[in-house]
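Asker: Here's a sequence, model it:
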Amino acid sequence: MLSEREFIREAIQTWRTANLIDYILADLDRRVKRDKATKLSVLFTGLSAYLPEPINLFLKGESGSGKSYNTVQTLKYFPQEDIWFLGGLSPKALIHEKGILLNKYGEPIREEDKPIKPKKRDFQSEEEYQEALKRYKEELEAWKEELRDSYYLIDLSHKILVFLECPEFETYRMLLPILSHDKERIEYRFTDKTKKGQHRTTRVVIKGFPATIFLTVDKKYIEELATRSFTATPEVSKEKIEEANRLINLKASYPWQYETETEEFRIIKELIKRIKSIAQNEKLDVLIPFPDLYELFPKEIVRDMRDFQHFIQFLKAITLLHIYQRPFIRLNGKRYLISTIEDVRKALEIYSEIFETTRTGTESETLRFYHEIVKTKDRWYLKELTHEYNKTHKKKLSSESIRRKLNRLIEIGYVDIQKDEEDKRLNVYVPLIKEDEELSTIRHISEMWTILESKLEESFKKYLEEIRQLTPYYYKNFSEETWGEAELSMEELESIVLNKKFLIPSSQSCQIFSEENLRLKSKNKPKNRHISKICQIVDNFNIGFYQCPICEAEGKRVFFGSQYDLKLHKMRIHGVDNA
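Answerer: From the prediction side, this is the model:
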């Protein structure tokens, strides 16, 4: 068992690795098989709770596909006091379960502070009793006056709301301005009953934007919000079912292996705890230094604005996860993490997996039905589609189930319904999107990464000229136990953002290299930095997120980089040619 100091050193080493997302997925895969896109959607939705504009996520799919399981297991990394698992609760239940009663000065009112009527038997004389009774009445009146000016506060800042069932319409109506990020503070008044059955007006203030995850979307009013949010669907493949059953079997056979938190789990949990702490102590936000990024996205229809906003939210959450690897600036009392070109690449890679479900607000099974069957012909009758589906699927569906899928495809503009020319009693279903038009846009951007990367570099270099008056910083540990901040030059900032150099993790593994190990066997002395300085940087454990040292020798440009091996935790040295 690692000591606390050793654990933090190990954790810091992990937080600074380029493949941090893979590290998290490797640990999560012990409990949740496959469903990479769903797990990451839940993870980044949870992280977005600590940003000014959190994500709303809708998980769609048939019962038993793993919506709840994916969510519960992924959110285990987060502080549990931040997670509210909510059923179909009423406004009153929400207020009394989650609200805090405050006076007009914002101070808590506790039920135990209510004055207690004195009992005559507790006093030796009538005079003492009457004096106590008088004080009680005065205090009670003051208490009632305080209650008249009181209100219930429901603070949703940095919270993750998981709706296990659709909330009642009145609850949804109360929360909608918050979920839509229209207003950060909303006040309501409604009539409530006291314990004695008397009616009184209750004042409620809801503040803060929470991250939300909806596990059921079976009400029309919820569907309207879903079309403006992220949508993901757990897999229902044979491979997933087989792996999930194997995991269930292993848990039953070796329960002790799954009941204990792994070291990896603790490291991830500690990272999220620190992200929350920084977000609460400072006005934390993410800065995306690519002002021309929007030009690379579709702009043909109104919903393209919404989808680009989704991507920006996703990009910010990915940057936040890498908080100890990213530079930052301070401006107007806020700390801004700076996204890198690598964050954009990762965001595109992950977002492309949920792009179509998000763009259409439709579960993947219905979309797969369209792409695999419906679009393969110019026109279909319902009977034909039902036969074709059941011919290729073990789980058979009735014509009514197929009709429901078609109705959804009609709603999102994938299918048109027409009357048959010869028999007007029959409907004909015509596919409208034949060449994966909805999918091609974002995937094309992701696949053309080389061109995209070049354009992003140009965009950032123009942006850099505009912010040269600002001072960028990076995280650094001055000793094994002391964190601090160090300034970056604009050239160093550019190297980090454009991913031109590797970062050296501050870890005890750096100490395996001595000055003798690093000495170049050449008569040519390094021009950029002295070797002893390199060794000092490595051995002193003080380099933080500084760029890797660079030397020139024997006609080659050599950098001392690092790659954190998830299994072996070792460092390697790589040489890079001048080219």
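
Asker: Spell out the residue ranges of the helices in the stretch 51-200 of the chain.
Answerer: Under the criterion DSSP state H, counting those that start in this stretch, helices of the stretch 51-200 of the chain are mapped to 67-74, 91-98, 126-148, 169-179.

Asker: Can you give me the domain assignment for the protein?
Answerer: Following automatic domain parsing, one finds the domains of the chain at 98-159+183-209, 364-434.

Asker: Name the stretch among these that sits most buried.
Answerer: With neighbours taken as mean count of other CB atoms under 10 Å, the domains of the chain reach their highest mean count in domain 364-434, at a mean of 15. C-beta here means a position set from N, CA and C on the backbone, and glycine is covered the same way.

Asker: got a pLDDT number for residue 512?
Answerer: We have a pLDDT of 27 for residue 512.

Asker: ditto for the one 3 residues further on
Answerer: On the pLDDT scale, residue 515 is placed at 31.

Asker: can you pull out the helices in the stretch 401-550 of the chain?
Answerer: Counting by DSSP H, counting those that start in this stretch, the stretch 401-550 of the chain has helices at residues 437-447, 449-466, 490-497, 515-518, 531-539.

Asker: ok, of these, where does mean pLDDT dip lowest?
Answerer: Among these, helix 515-518 scores lowest, at a mean of 31.

Asker: Name all residues that make contact with residue 99.
Answerer: For residue 99, the contact set (CB atoms under 8 Å, 6 or more residues apart in numbering) comprises 152-154, 204.

Asker: What about it? Give its phi and psi, please.
Answerer: The phi/psi pair for residue 99 (degrees, to the nearest 10) reads phi -90, psi 150.

Asker: cool, and residue 181?
Answerer: Per-residue torsions, residue 181: phi 60, psi 30 (degrees, to the nearest 10).

Asker: how many neighbours does it have?
Answerer: Residue 181: 12 surrounding residues under other CB atoms under 10 Å.

Asker: Relative to residue 280, how far out is it?
Answerer: As judged by CB to CB, to the nearest Å, residue 181 and residue 280 stand 19 Å apart.

Asker: repeat for residue 417
Answerer: For residue 417 relative to residue 280 (CB to CB), the value is 52 Å.

Asker: again with residue 254
Answerer: 39 Å.

Asker: Check residue 165 too.
Answerer: Distance, residue 165 to residue 280, using CB to CB: 30 Å.

Asker: Identify the residues contacting the nearest residue to residue 340 once chain neighbours are set aside.
Answerer: The shortest distance from residue 340 to any non-neighbouring residue, by CB to CB, 6 or more residues apart in numbering, is to residue 497 (4.9 Å). Residue 497 sits next to 289, 327, 338-341, 460 when contact means CB under 8 Å, 6+ apart.

Asker: Closest one to residue 402 out of these, please.
Answerer: When the contacts of residue 497 are ranked by distance to residue 402 (CB to CB), residue 339 comes first, at 43.8 Å.

Asker: What is the neighbour count of the closest one?
Answerer: By other CB under 10 Å, the residues close to residue 339 number 25.

Asker: ok so, going back, of the domains of the chain, which approaches residue 491 most closely?
Answerer: domain 98-159+183-209 (35.9 Å).

Asker: Do me a favour and get the end-to-end distance for the closest one?
Answerer: One end of domain 98-159+183-209 to the other measures 15 Å (CA to CA, to the nearest Å).

Asker: which stretches of the stretch 351-500 of the chain aren't confidently modelled?
Answerer: Along the stretch 351-500 of the chain, segments meeting pLDDT under 70 span 434-448, 476-483.

Asker: try it again with 80
Answerer: 355-356, 358-361, 422-424, 433-451, 475-485, 500 (pLDDT under 80).

Asker: same check, this time on the stretch 151-300 of the chain
Answerer: Residues of the stretch 151-300 of the chain meeting the criterion pLDDT under 80: 167, 190-202, 216-229, 235-238, 251, 256-261, 296-300.

Asker: Show me where it has its strands.
Answerer: 151-155, 160-163, 185-193, 199-207, 211-214, 230-232, 283-287 (DSSP state E, counting those that start in this stretch).

Asker: can you put the ones you listed in TSV and add distance to residue 140?
Answerer: Shown next, in TSV, are the strands of the stretch 151-300 of the chain (distance: least, CB to CB, whole Å):
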stretch	distance to residue 140
strand 151-155	20
strand 160-163	38
strand 185-193	20
strand 199-207	16
strand 211-214	41
strand 230-232	51
strand 283-287	42
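
Asker: These: which one's closest to residue 134?
Answerer: Using CB to CB as the measure, strand 199-207 is the one of those that comes nearest residue 134, at 26.2 Å.

Asker: Run the angle between the closest one and strand 185-193 for me.
Answerer: Using axes from the mean of the first three to the mean of the last three CA atoms, to 10 degrees, the inter-axis angle of strand 199-207 relative to strand 185-193 is 160 degrees.
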